[in-house]
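Return atomic coordinates for the entry below.
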Amino acid sequence: MSQSPIDLMRVGRERSIAGQVQTGDTVTRYWKYPASQAGAKTLVFIHGYRGNHHGLEAIAGALPEFEIYIPDLPGFGKSTPFAGQHNIDEYQGWVGKFIAALKLENRPTLLGHSFGTIVCAAHAACSDDFSELILVNPVSAPALSGPKAAMTRVAKAFFSLAATLPAKTGESILKSWPMVRGMSIVMTKSRNRTLRTWVHAQHDENFNDFANRKVAIEGYTASISHNVGDYSREFKKPTLLIAGELDDITTPAQQRTMRQTIPVETVLRMHAGVGHLTHYEIPAMVAADIRDFLGGRP
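A predicted model of the protein is given here:
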């Protein structure tokens, strides 16, 4: 199989089967990626803020031996919003409802990326419906203490402005091309022109896939109000952390500090030359980390 991120996403997308379940007051759309062999281990992927299931398809494409489910978060992609607030408590509760609705024979491995790591961490702190926890680019410290704290303050002010404007105007600002492309340029660390162009195209296509302004603003507020470190001391399952040395949100030092708070078996894989977009830039390496971590487990 080709290890190109572009090809891996294509392979994953071709393998997907769409489905939906009722989870509380929302309809959750999800995509199943069947395993290439019987009796395979199951993984549930939770994507990041303002994304959808497509963001994690390249990793799914690199893991054909596992059965994988990737839902769209409520309010993003094709899943309907919550009736109430889009906060961490609601999202972590939804994770449990989604896993239960799948009616799996065995507990799955739970994986989150970026904002999804906060959601999965909150769920891991209070639930026992999964077997292992994998956090890809975990947001392990408060956003305002990260390497791009100043940029976070600017973004916070930007979202506050969007919240005060008329709904249509505020939503248009949130979806503006300069904002989306600027974020993509800052986050993408690869110097490969073809890969950079593809990553920008992915953000152009998927980063504005949210239901309305309320979802976007509440989701952003949740993303900067919590971090994995708020919940890590309560983890009870073996944990894998996958991070990039150039991450603009959490530094390697902050990742190592958070790791020390986890009271159970924990592995940290740190990748050089990549930042917060490991799922786009090095999905084959992320898949290899996952395969290695799960390989010796029943």
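
Spit out the contact partners of the residue lying closest to G244 once chain neighbours are set aside.
Sequence neighbours aside, V274 is the residue nearest to G244 in space, at 4.0 Å (criterion: CB to CB, 6 or more residues apart in numbering). Backbone N, C-alpha and C define where each C-beta goes, glycine included. Residues near V274 by CB atoms under 8 Å, 6 or more residues apart in numbering: 189-190, 244-246, 281-282.

Give me the buried subset of the residues you listed.
Among the contacts of V274, those classed as buried by 16 or more other CB atoms under 10 Å are 189-190, 244, 246, 281-282.

Now do the same contact list for A155.
Taking CB under 8 Å, 6+ apart, we find A155 in contact with Y220.

what are the phi and psi values for it?
According to degrees, to the nearest 10, the main-chain angles of A155 amount to phi -60, psi -40.

which residues of the stretch 51-200 of the chain fall in strands?
Listed in chain order, the strands of the stretch 51-200 of the chain (DSSP state E, counting those that start in this stretch) span 67-71, 109-113, 133-136.

Nearest to T251, out of those?
Among the strands of the stretch 51-200 of the chain, the nearest to T251 by CB to CB is strand 133-136 (15.4 Å).

Can you point out the buried residues in the least confident helix or strand in the chain by mean pLDDT?
Ranking every helix and strand in the chain by mean pLDDT, DSSP states H and E puts helix 149-164 at the bottom, with a mean of 76. For helix 149-164, burial by neighbour count (16+ other CB under 10 Å) applies to 151-152, 155, 159, 162-163.

which residues of the stretch 151-298 of the chain score low on pLDDT?
Within the stretch 151-298 of the chain, the segments meeting pLDDT under 70 span 296-298.

I'd like the strands of the stretch 51-200 of the chain as a markdown table, with mean neighbour count, distance to A167 and mean pLDDT appended.
Shown next, in a markdown table, are these (neighbours: other CB atoms under 10 Å; distance: least, CB to CB, whole Å; pLDDT from 0 to 100):
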| stretch | mean neighbour count | distance to A167 | mean pLDDT |
| --- | --- | --- | --- |
| strand 67-71 | 25 | 27 | 98 |
| strand 109-113 | 27 | 29 | 98 |
| strand 133-136 | 28 | 33 | 98 |
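
Tell me which of those strands sits nearest to A288.
That would be strand 133-136 among the strands of the stretch 51-200 of the chain, by CB to CB, at 12.6 Å.

partner strands of that closest one, parallel or antiparallel?
Paired neighbours of strand 133-136 in the sheet (DSSP bridges): strand 109-113 (parallel), strand 239-244 (parallel).

Save the ones you listed as TSV, and put in distance to Q255 too.
Output for the strands paired with strand 133-136, formatted as TSV (distance: least, CB to CB, whole Å):
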stretch	distance to Q255
strand 109-113	14
strand 239-244	5
